[in-house]
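Asks: take this sequence and fold it.
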Amino acid sequence: MSAVLEISGLQKTYRSRKGVRKALDGFDMVVEAGQVHGFLGPNGSGKTTTLRTLLGLIRPNGGRMTILGREVPDSLPEVAGSVGAIVESPQFFGNFSAQDTLSLLADAGGVAPVRVTEVLELVGLRDRAKDRVKTYSLGMKQRLAVASALLKNPKLLILDEPANGLDPGGIREMRSLMANLAASGMTVVLSSHILGEIQLICDSVTIISAGRRVAAGSVADVLESHTTASIRVRLEALADLTASAAALRDLGAQVIVESDHLMVSGVAQPSAITRTLAGRGVYVSELSPVVADLESVFLELTGTAPVAGEHRQVDQTIMSPTGAAPGGWGR
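Replies: Residues are numbered from 1 along each chain as shown. Purely as a prediction, here's the structure:
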């Protein structure tokens, strides 16, 4: 597969009265064609700065970026027509309908009017297309934002928090839409704090923390590289967890005592746990390996809990059919 997006050594520094802050400190990222790629990071990690720099809205202090093989921001006018991007909160004229909003964008970008109907169908807004946007819920505005980014039928689609404001059914529909777009040959870069969805949707991920890449690769590879050999051990109701932990430590195991179970690592064979405890008259009710999920890996690498549905009110950006930026996405 060829790379649709490449970032190498990206740097961005901000100066203030408090001194110099490195928002991006040599950040690297590669997204292969036809993938759904998750871009993850805690608040303040440099995620939004990366996206805004990539789209020419912020000028970097160093590094190299390419989209579809062309260096940006210098060649951004040449590739903007192949990029659909929504960064930050959706902003639309409240008295316009979705039909009006998309028709204006399509006309400005030379997109055929029939495409408006197609994208409204894709995001599930066909039946509300003529209603004023001010009557829309947050989730419906998210759908409209996605529709606007899809008008050009882009080769690269960048979405920031597309599931924000959606109910479980809407999240499932969004997941299906992303999979269908990738199957059609579109490359999708997806930023989200709903890490369970990222694990389900994405082929690969990049995790950023403090302006630097801390993990990258296929979802399976990232999870495998951080899977621990820990075992969750639950004991019979009256068992003494502290005494049982001490017995396992005498065996050479590392043990963490939780409120209702033990986390045990450093044991070659799980049978050694049951044999040791049974010798003390303690019986095991559960013995199960702990498999890493994307959320636990994220927390391990960043030391920061993800915040679902975080609210950020900063500059809004939608890459319109003309490459202009009339609005925004996600929050």
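
Asks: what is the subsequent helix or strand relative to the helix or strand hosting residue 49?
Replies: Taking DSSP states H and E as the definition, residue 49 sits inside helix 47-54. Later in the chain than helix 47-54, the nearest helix or strand by DSSP H and E is strand 62-67.

Asks: any buried residues in stretch 251-268, and which?
Replies: For stretch 251-268, the neighbour count (16 or more other Cβ atoms under 10 Å) marks 253, 255, 261-264, 267 as buried. From N, CA and C alone the C-beta is placed, and that goes for glycine too.

Asks: how are the helices of the protein distributed by residue range?
Replies: In the chain, the helices defined using DSSP state H lie at 47-54, 76-79, 98-109, 114-122, 138-150, 168-183, 195-201, 219-225, 241-250, 271-278, 294-302.

Asks: can I get those helices in CSV with distance to residue 128 and mean pLDDT?
Replies: Formatted as CSV, the helices of the chain follow (distance: least, Cβ to Cβ, whole Å; pLDDT from 0 to 100):
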stretch, distance to residue 128, mean pLDDT
helix 47-54, 29, 93
helix 76-79, 33, 94
helix 98-109, 7, 95
helix 114-122, 9, 95
helix 138-150, 7, 91
helix 168-183, 13, 87
helix 195-201, 24, 87
helix 219-225, 34, 85
helix 241-250, 55, 93
helix 271-278, 57, 92
helix 294-302, 33, 83
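
Asks: what would these look like in a markdown table with distance to residue 27?
Replies: Shown next, in a markdown table, are the helices of the chain (distance: least, Cβ to Cβ, whole Å):
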| stretch | distance to residue 27 |
| --- | --- |
| helix 47-54 | 6 |
| helix 76-79 | 18 |
| helix 98-109 | 30 |
| helix 114-122 | 32 |
| helix 138-150 | 23 |
| helix 168-183 | 24 |
| helix 195-201 | 19 |
| helix 219-225 | 17 |
| helix 241-250 | 41 |
| helix 271-278 | 43 |
| helix 294-302 | 14 |
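
Asks: just give the number of residues close to the nearest residue to residue 296 once chain neighbours are set aside.
Replies: Sequence neighbours aside, residue 226 is the residue nearest to residue 296 in space, at 7.8 Å (criterion: Cβ to Cβ, 6 or more residues apart in numbering). Using other Cβ atoms under 10 Å, residue 226 has 16 neighbouring residues.

Asks: cool, and residue 25?
Replies: If you count neighbours by other Cβ under 10 Å, residue 25 ends up with 15.

Asks: so what's it closest to, chain neighbours aside?
Replies: Counting by Cβ to Cβ, 6+ apart, residue 211 is the residue found nearest to residue 25 once chain neighbours are left out, at 3.9 Å.

Asks: wait, doesn't that neighbour sit right on residue 23?
Replies: Yes. Between residue 211 and residue 23 there is a contact at 5.7 Å, judged by Cβ atoms under 8 Å.

Asks: now do residue 182 against residue 98, distance only.
Replies: Relative to residue 98, residue 182 is positioned 25 Å away (Cβ to Cβ, to the nearest Å).

Asks: more neighbours, the two?
Replies: Shown here are residue 182 and residue 98; by other Cβ under 10 Å, residue 98 has more neighbours (27 against 20).

Asks: tell me who's in contact with residue 59.
Replies: Listed by Cβ atoms under 8 Å, 6 or more residues apart in numbering, the contact partners of residue 59 are 53, 73.

Asks: 10 Å instead, please
Replies: 12, 53, 73 (Cβ atoms under 10 Å, 6 or more residues apart in numbering).

Asks: repeat for residue 5
Replies: 29-33, 35, 37, 54, 65-69, 72, 83, 156, 158, 187, 189.

Asks: select only the buried ones of the residues you listed in ChimeraX?
Replies: To isolate the buried members of those in ChimeraX, using 16+ other Cβ under 10 Å:
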select :29,30,31,32,33,35,37,54,65,66,67,68,72,83,156,158,187,189
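
Asks: from the contacts of residue 5, which land in strands?
Replies: Using DSSP state E, the members of these that fall in strands are 29-32, 37, 65-67, 72, 83, 156, 158, 187, 189.

Asks: from those residues, which is closest to residue 141?
Replies: Taking Cβ to Cβ as the measure, residue 141 lies nearest residue 158 of the ones in strands among the contacts of residue 5, at 17.7 Å.

Asks: re earlier: and the pLDDT at the residue nearest to residue 25?
Replies: Residue 211 is assigned 95 on the pLDDT scale.

Asks: use 17 as the first number for this chain going forward.
Replies: Okay, residue one is now 17; in that scheme the one you just asked about reads as residue 227.

Asks: might you report the residue contacts of it?
Replies: Listed by Cβ under 10 Å, 6+ apart, the contact set of residue 227 reads 26-29, 37-43, 57, 60-63, 65-66.

Asks: can you rerun that using 6 Å?
Replies: Residues counted as contacts of residue 227 (Cβ atoms under 6 Å, 6 or more residues apart in numbering) are 38-41, 62.
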